[in-house]
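Visitor: Quick one, structure for this:
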Amino acid sequence: MRTTTRTERPSSVLDDSSLGPRPGQRDWIAGAMNEPRRILNDEPLRKGEERWRGLVEALPQLVWSATPDGACDYFSAQWTQYTGVAESELLGWRWMDVLHPDDRHSTRQVWTDSVAERHAYDVEYRVRRRDGVYRWFKTRGVPIRDSKGGIVNWFGSCTDITDAKHTEEALRHARLELEKKVAERTTELRRNETHLAEAQRLTRTGSWALNVASREFVHLSDQHYQIYGLDPDRGIPSLQAIRQRLHPEDRVHTDAISEKALSEGKSYELDYRIVLSDGIVKFIHLVARPVFNASSNSPVEYVGTVMDVTERKQAEKALRESEQRFRDFTESASDWCWETGPDHRFISVSDRLNPLGTTTRRIGTKRGDLASDLEEEPEKWRRHMADLDTHKPFRDFRYRATSWDGSEVYIATSGKPLFDPQGRFLGYRGVGSDITAAVRAGQLEEALQEAKVVGDNIAHDLRTPLTRVRIRLERGRGHASTLEEFRAVADQAIAALDQLLTTITALLRITEIEHCRRREGFGEVQLAPLIREVGDLYGPIAEDKGVILWAEAPDGATVQGDRDLLFEAVVNLVDNAVKFTPEGGRVELVLLYKEGETVIRVIDTGPGIPEIEREAVTQRFYRSDKSRNTKGLGLGLSMVAAIIKLHDFRFRISAGPGCTAEIACPNWD
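Guide: Purely as a prediction, here's the structure:
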């Protein structure tokens with residue numbers, strides 16, 4: 001609001017009688033207003049005017065006066081002090097130059113209307129201070145009348161109301177903000193009430209409030225009525241009516257607990273059943289809290305909730321029945337259940353038919369702690385631990401362990417990883433089975449099959465040599481005529497039989513190796529000493545044949561295996577190399593590292609093995625055309641191949657010049 005006016009004629013309009021002129025002083029105020037600068041010869045009038053000016057200039061307001069036509073003819077000293085403009089530059093209508101540009105037109109209109117209509121002048125406008133700042137002023141002007149009612153002058157004042165304006169604006173803004181916040185809060189409360197009602201409906205939860213003194217409900221939510229099957233149009237039911245809904249078997253217990261809590265002013269919770277009018281039974285969970293009066297330690301009200309937990313109770317019952325069925329199945333099965341934590345240590349193991357001992361013996365241990373084949377089958381366990389660390393499910397993992405009585409048992413186990421809702425790994429849960437009987441039966445069947453295979457192989461591989469022995473003996477019997485001739489035939493037969501026994505021994509050894517009976521003897525093998533030992537053994541043999549044998553084996557190479565078998569494999573390779581290398585030739589036995597593996601390499605300068613025969617030479621009794629004139633059984637490389645396969649190593653034969661044979665062993669940390 002830039003300007004305000006008041007058009008009614010005030011009752012306090014001044015006239016000459018109200019000023020109370022004394023005899024001899026004619027309209028001194030009016031005259032002073034009309035001619036403030038004329039020289040006064042009347043001493044009393046001069047003194048009165050001085051007294052009047054002193055009073056005016058002592059006022060905090062800006063005082064002014066104007067002629068009957070509205071032109072200002074006087075401004076108090078406060079005007080000049082405030083605006084910085086001399087009084088002479090304000091007279092007439094020039095005072096409007098210090099008003100705010102936006103207020104000049106409206107102020108002039110109000111002032112001219114007041115002058116024309118001869119009524120009091122009341123307006124608000126902004127006046128420029130000497131520093132250029134505009135401040136709000138409330139200006140009031142009244143006409144001064146003579147005894148006949150004519151206006152002889154206008155008299156007025158301007159009061160600084162800027163601070164009041166600011167206060168009024170601040171109050172108005174605060175009122176608007178308060179009204180806005182009240183409206184927002186009201187909307188929020190209504191929204192929350194809607195959300196609360198919906199939440200109660202979804203969770204089947206009702207709320208209530210009870211007056212302790214009267215034992216009467218003062219509030220029941222809509223959902224409370226719904227849960228108890230009550231009609232809200234009939235009003236709030238009594239406490240007794242609510243209690244009538246209690247299941248007969250729960251009524252005494254529920255009443256006793258609630259009454260005790262109400263008398264002691266304590267919180268309480270209850271689980272009970274209610275029976276609706278149609279016979280439906282519901283399970284209820286109640287929570288109640290006291291509300292205390294600030295001036296008393298006794299509760300004045302109880303507020304609480306009732307939740308329909310019927311479905312939860314039914315689910316719990318079904319879960320208990322399911323757990324009991326599972327327990328019955330578990331107890332009647334041959335398997336046992338187990339559970340591990342994030343560190344793969346057992347935290348739960350059932351005792352049912354568990355050959356590894358009591359639960360106490362296994363809790364806190366890992367699967368490998370009770371295993372007895374860790375060193376024999378490290379690769380199997382490495383893969384299993386890798387699966388566990390990456391939280392993969394596993395099935396039918398088999399291992400050998402020591403039972404509680406010290407006997408050897410075989411276990412098959414399967415497991416599934418567990419995770420919480422946030423995806424954090426909790427451990428594994430699974431089952432274990434004692435497969436010792438099945439393994440023993442399999443081993444027995446395998447042994448019988450091996451015996452049959454060995455018998456068949458021996459019968460097949462020795463038929464020809466035995467036939468030759470028989471023919472020699474028949475010829476000796478028919479042609480030998482002297483004791484010396486009979487002895488010669490017998491010696492040939494004995495030599496042939498000795499060779500057959502050697503062959504049988506070699507075949508049995510190959511069969512034993514091929515069927516993994518030697519894995520139980522696996523351990524850490526240092527290859528450098530083994531290579532040097534073979535070199536020392538065959539050095540003199542090579543030297544006698546005129547062959548140079550050079551062995552090099554840096555320390556540090558370690559593999560997992562059977563040292564005796566590996567020694568035998570290297571011996572066979574070196575024996576073949578020395579055997580087939582002509583005089584003046586060279587055989588090298590070296591140990592080297594190559595692309596993440598350790599390699600035992602045997603190189604000779606002999607005739608070599610054609611590419612088409614490199615797979616055939618590892619078969620039993622195979623002898624290439626180049627070796628038919630060299631003594632041997634044709635089983636050496638078969639033995640090497642069987643040993644390498646047992647260790648899960650790789651065996652390679654390549655061209656030289658001569659022949660290069662390599663045993664590639666994965667590095668073992």
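Visitor: can you tell me how far the nearest residue to Ser277 once chain neighbours are set aside sits from Ser106?
Guide: In space, not counting the residues next to it along the chain, Ser277 is nearest to Gly229; the distance is 6.1 Å by Cβ to Cβ, 6 or more residues apart in numbering. (C-beta placed from N, C-alpha, C; glycine too.) For Gly229, the distance to Ser106 equals 72 Å [Cβ to Cβ, to the nearest Å].
Visitor: the more surrounded of these two?
Guide: Counting neighbours by other Cβ atoms under 10 Å for Gly229 and for Ser106 shows that Ser106 has the greater number, 17 against 14.
Visitor: Now that one: which helix or strand?
Guide: When elements are defined using DSSP states H and E, Ser106 is found to belong to helix 101-117.
Visitor: Within its local environment, how many residues does Asp271 see?
Guide: Residues near Asp271, counting by other Cβ under 10 Å, number 13.
Visitor: looking at it, it is touching His285, isn't it?
Guide: Yes: using Cβ atoms under 8 Å as the test, Asp271 is close enough to His285 to be in contact (5.4 Å).
Visitor: any shared contact partners between these two?
Guide: Each of Val309 lies in contact with both Asp271 and His285 under the rule Cβ atoms under 8 Å, 6 or more residues apart in numbering.
Visitor: pLDDT on stretch 373-387, on average?
Guide: Stretch 373-387 carries an average pLDDT of 90.
Visitor: By neighbour count, which bits of that stretch are buried? Give me those.
Guide: By 16 or more other Cβ atoms under 10 Å, the buried positions in stretch 373-387 come out as Asp373, Glu376, Glu377, Trp381, His384.
Visitor: and what of stretch 339-348?
Guide: By neighbour count, and taking 16+ other Cβ under 10 Å as the criterion, the buried residues in stretch 339-348 are Glu339, Thr340, His344, Phe346.
Visitor: Would you reformat these as CSV and include distance to Val303 and secondary structure?
Guide: Listed next are those as CSV, based on distance: Cβ to Cβ, whole Å; DSSP: H, G, I helix; E, B strand; the rest coil:
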residue, distance to Val303, secondary structure
Glu339, 43, strand
Thr340, 47, strand
His344, 50, coil
Phe346, 48, strand
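Visitor: Could I get these in TSV, plus columns for distance to Leu171 and pLDDT?
Guide: As requested, those are exported to TSV (distance: Cβ to Cβ, whole Å; pLDDT from 0 to 100):
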residue	distance to Leu171	pLDDT
Glu339	71	92
Thr340	72	93
His344	72	93
Phe346	75	91
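Visitor: Kindly indicate which of the buried residues of stretch 373-387 lies nearest Glu117.
Guide: Of all the buried residues of stretch 373-387, the one sitting nearest Glu117 is His384; the distance, using Cβ to Cβ, is 109.7 Å.
Visitor: Spatially, what comes nearest to that closest one if we skip its sequence neighbours?
Guide: By the measure of Cβ to Cβ, 6+ apart, the closest residue to His384 outside its immediate chain neighbours is Phe397, 5.7 Å from it.
Visitor: wouldn't that neighbour be in contact with Tyr428 here?
Guide: No: between Phe397 and Tyr428 there is no contact under Cβ under 8 Å: 11.2 Å.
Visitor: Pick out whichever of these two has more residues nearby.
Guide: Residue environment comparison for Phe397 versus Tyr428 gives the larger neighbour count to Tyr428, 23 against 19, counting by other Cβ under 10 Å.
Visitor: Need the nearest residue in space to that one, chain neighbours excluded.
Guide: Closest residue to Tyr428 in three dimensions, ignoring its sequence neighbours and counting by Cβ to Cβ, 6+ apart: Gly415, at 4.2 Å.
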